[in-house]
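Q: just coords:
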Ligand SMILES: [Zn+2]
Ligand SMILES: [Zn+2]
């Protein structure tokens, strides 16, 4: 009897694919192994076997598989269950999850068959040595001896506030598998994590420690490595594919890492005895993958992963996401609060500067208030460091002809081009298009084009001019394209080679600098004016986080906050550090207008090269959605940026009350997509979903 295999392929198509197993492959094939199969015209693909059976598919000519790649499975069976959950919850195909899960080369090239060769052992050893930039203790003798006792001499000592938080976390875990640790900035959450990790390892469990990419620096990994040594594996998106493949294979070996500290995608790594998941900076939006599918939230997926493994989860942050805080306040999660900074350093004093008033009195020096300039001068004189925050990169967000109002915009997207002075270009931040800076207005010939607004590049340029004695650096997407680039910006600042660091929200993340006495928030208004129901929550988080960089490990820091909306309650909430007041006020609005966390949102997007087809399709889709979900549907609508890279984007939103079974709604949506795309008019269109969008 012929045997068959069902295979997942890394393609955005529904379901699995069935192939016949020729006799010579029958003994080698095993669920969880990769297999080379013919796919598409003349091509082959590397898929993953999910099932072996002898049910001849009816009415289909089944092709023969070509070669089994692995001698043993490269995933644990429970990972496949997790992938299936991701694909059904986030409304995408299993192939898309497979593609996101495996490091690049594992989906393309073949690896050696048979038991792991000495050559492979050697390569693992080498990669383990080269992985962390500063792992000098790559002692081969201990590299694979992961089972030796953990030396507890190395654990950091805890303050009494930290010790009682640690005890409370254990208490909470008795009743709730997930606990939120709400600790003010600089309260020493990392020391608590280190204790929890050590406890988990001592009881023979593995730990996944997730954090935003920008925080995964040598500053942190060196600290963890001092305690956990070779038990620690690092999974960074800026590591090479090969390095990530090595971490994956190591997790399948007899001596897997006990702790993985990693970014979003480390939720896909194999763990066979996971006992603890820590999600640090849990409010971070970068935990959500935007494009391509699966558009998963790594925090939420990690909670699911932990729950399936019977593991505990700790979410840590100084500024919780509303979703997590809501769950903690309503008893779904445990809640532990840490209100005291480590070493009893006081929270910074935040001073608000009313920019409108300063302008009226003609006191602003360009984008700087006299108060901010004076504070910078004082900090520099005292040999202290300064962080200047503006959540916009580039020199100026737009140029404009001040006679006819012409604005340079992207030919492929409906966005204005940002002026970048250093490379003399105007650039699209959506598709990357750039062109020479226009010297005259193409519609009226005016040669005086005005720059409007300001980004980090302009702050850097102006501050360097005003304080020529200071050394100024900038940290934003443009200056941190590589891992080494941002490591060196952070390291220079840490070693006080830089006096003033200008940056976007990257500087707000949980980085720990010792000599920052002043933080300047240049323009709170760009954050407050975002057309998004989360704008105030985000603005609060960013301002509280960046303020928290001031005054660490020394005396109280100072923050100067420039805004035109000084009377807004949110500004007072930031200056008072009153998260609860901000939460209470914003939650009233969320409740009144039915927004998360009171409902779940699913955005249905359509994309097409022609605007009329995109419009037609979203109208049809919205009709179909109304039949399924009635008045819970909003739209059709255009997103804020309604054309990207030449594709027109339209959307509709489904708001689901939390009592509606989510899996049923998801099935209905998937069916709707299939039937709409079956219509010839729409065959070249894309329909995709963003579940719990951020
Ligand atoms: Zn003009
Ligand atoms: Zn563009």
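A: Structure's in. What do you need? Since the model is a prediction, treat every value here as computed from it, not as a measurement. Ligands and ions are numbered 1, 2, ... in the order given.

Q: Where does pLDDT dip in the stretch 1-150 of the chain?
A: Low-confidence segments of the stretch 1-150 of the chain (pLDDT under 70): 1-2, 109-150.

Q: Let's see that with 80 instead.
A: Applying pLDDT under 80 to the stretch 1-150 of the chain flags residues 1-2, 42, 108-150.

Q: Quick one: mean pLDDT over stretch 391-401.
A: Computed over stretch 391-401, the mean pLDDT rounds to 91.

Q: what does stretch 458-467 give?
A: The predicted model gives stretch 458-467 an average pLDDT of 96.

Q: I'd like the distance from it to the chain centre, please.
A: Distance of stretch 458-467 from the chain centroid (C-alpha atoms, centre = their mean, to the nearest Å) equals 31 Å.

Q: I'd say residue 602 and residue 90 touch.
A: No - with contact defined as C-beta atoms under 8 Å, residue 602 does not count as touching residue 90 (9.9 Å). For every residue, glycine as well, the C-beta is placed using N, CA and C.

Q: who touches both of those two?
A: 689, 691 (C-beta atoms under 8 Å, 6 or more residues apart in numbering).

Q: in the stretch 551-694 of the chain, what residue is nearest ligand 1?
A: residue 643 (23.2 Å; C-beta to the ion).

Q: Once you drop chain neighbours, what's closest to that residue?
A: With C-beta to C-beta, 6 or more residues apart in numbering as the criterion, residue 643 has its nearest non-adjacent residue at 4.6 Å, and that residue is residue 414.

Q: Please look at that neighbour and residue 640 and confirm they touch.
A: No - using C-beta under 8 Å, residue 414 is not in contact with residue 640; the gap is 9.0 Å.

Q: How far away from the center of its chain is the strand or helix carrying residue 168?
A: Following DSSP states H and E, one finds residue 168 within helix 160-175. On the basis of C-alpha atoms, centre = their mean, helix 160-175 sits 28 Å off its chain's mean C-alpha point.

Q: follow-up on the earlier one: who's more crowded, residue 414 and residue 640?
A: residue 414 (16 against 10; other C-beta atoms under 10 Å).

Q: any idea how far residue 462 is from residue 489?
A: Per C-beta to C-beta, to the nearest Å, residue 462 is found 19 Å from residue 489.

Q: follow-up on the earlier one: what residues are bridge-paired with the residue of the stretch 551-694 of the chain closest to ligand 1?
A: residue 648 (DSSP bridges).

Q: ok, it - contacts?
A: 412-414, 649.

Q: cool, and residue 207?
A: Applying C-beta under 8 Å, 6+ apart, we find residue 207 in contact with 197, 200-201, 258-260, 274-278.

Q: Now do the SS call for the residue minimising distance to the centre of the chain.
A: Closest to where the C-alpha atoms of the chain average out (C-alpha atoms, centre = their mean) is residue 286, at 2.1 Å. Secondary structure of residue 286, reduced to three states by DSSP: H, G, I helix; E, B strand; the rest coil: helix.

Q: and the nearest residue to it once chain neighbours are set aside, how many neighbours?
A: Of all residues not flanking residue 286 in the chain, residue 212 sits nearest, at 5.0 Å (C-beta to C-beta, 6+ apart). Close neighbours of residue 212, defined as other C-beta under 10 Å, add up to 21.

Q: just use 798 as the starting number from now, easier for me
A: Understood, numbering begins at 798; the last thing we discussed is residue 1009.

Q: Now for the residue nearest to the centre of the chain: which residues touch it?
A: The contact partners of residue 1083, by C-beta under 8 Å, 6+ apart, come to 1009-1011, 1061.

Q: Lowest-confidence one in those residues?
A: For these, the weakest pLDDT value sits at residue 1011, with 83.

Q: quick one: that one from residue 1308, how far?
A: Distance, residue 1011 to residue 1308, by C-beta to C-beta: 8 Å.

Q: how close does the residue lying closest to residue 1136 once chain neighbours are set aside get to ligand 2?
A: Using C-beta to C-beta, 6+ apart and skipping the chain neighbours, the partner closest in space to residue 1136 is residue 981 (6.0 Å). As judged by C-beta to the ion, to the nearest Å, residue 981 and ligand 2 stand 40 Å apart.

Q: Over to residue 1007?
A: 32 Å.

Q: from what I can see that residue touches residue 1098, true?
A: No - the pair residue 1007 / residue 1098 is not scored as a contact, 9.7 Å apart, by C-beta under 8 Å.

Q: Contacts for the strand or helix carrying residue 1381 next, please.
A: Residue 1381 belongs to helix 1376-1389 when assigned by DSSP H and E. In this structure, residues lying in contact with helix 1376-1389 by C-beta under 8 Å, 6+ apart are 979, 1116-1117, 1119, 1122-1123, 1330, 1333-1334, 1337, 1341, 1366-1367, 1370-1371, 1392-1395.

Q: Sort out which residues of that helix are buried, please.
A: Using 16 or more other C-beta atoms under 10 Å as the test for burial, helix 1376-1389 gives 1376, 1379-1380, 1383-1384, 1387.

Q: Please work out the average pLDDT along that helix.
A: Summarised as a single mean, pLDDT over helix 1376-1389 is 97.

Q: from the chain's centre, how far out does it sit?
A: On C-alpha atoms, centre = their mean, the centre of helix 1376-1389 falls 25 Å from that of its chain.

Q: May I have the strands that pair with the next helix or strand along the chain from that helix, each with its orientation?
A: Later in the chain than helix 1376-1389, the nearest helix or strand by DSSP H and E is strand 1396-1405. Strand 1396-1405 pairs in its sheet with strand 1444-1454 (antiparallel), strand 1483-1488 (antiparallel), by DSSP bridges.

Q: Show me the one of those that comes nearest residue 866.
A: Residue 866 sits nearest to strand 1483-1488 of all the strands paired with strand 1396-1405, at 30.2 Å, using C-beta to C-beta.

Q: from memory residue 1204 sits against residue 1193, does it?
A: No - using C-beta under 8 Å, residue 1204 is not in contact with residue 1193; the gap is 11.5 Å.

Q: how long is stretch 1128-1136 end to end?
A: 20 Å (C-alpha to C-alpha, to the nearest Å).
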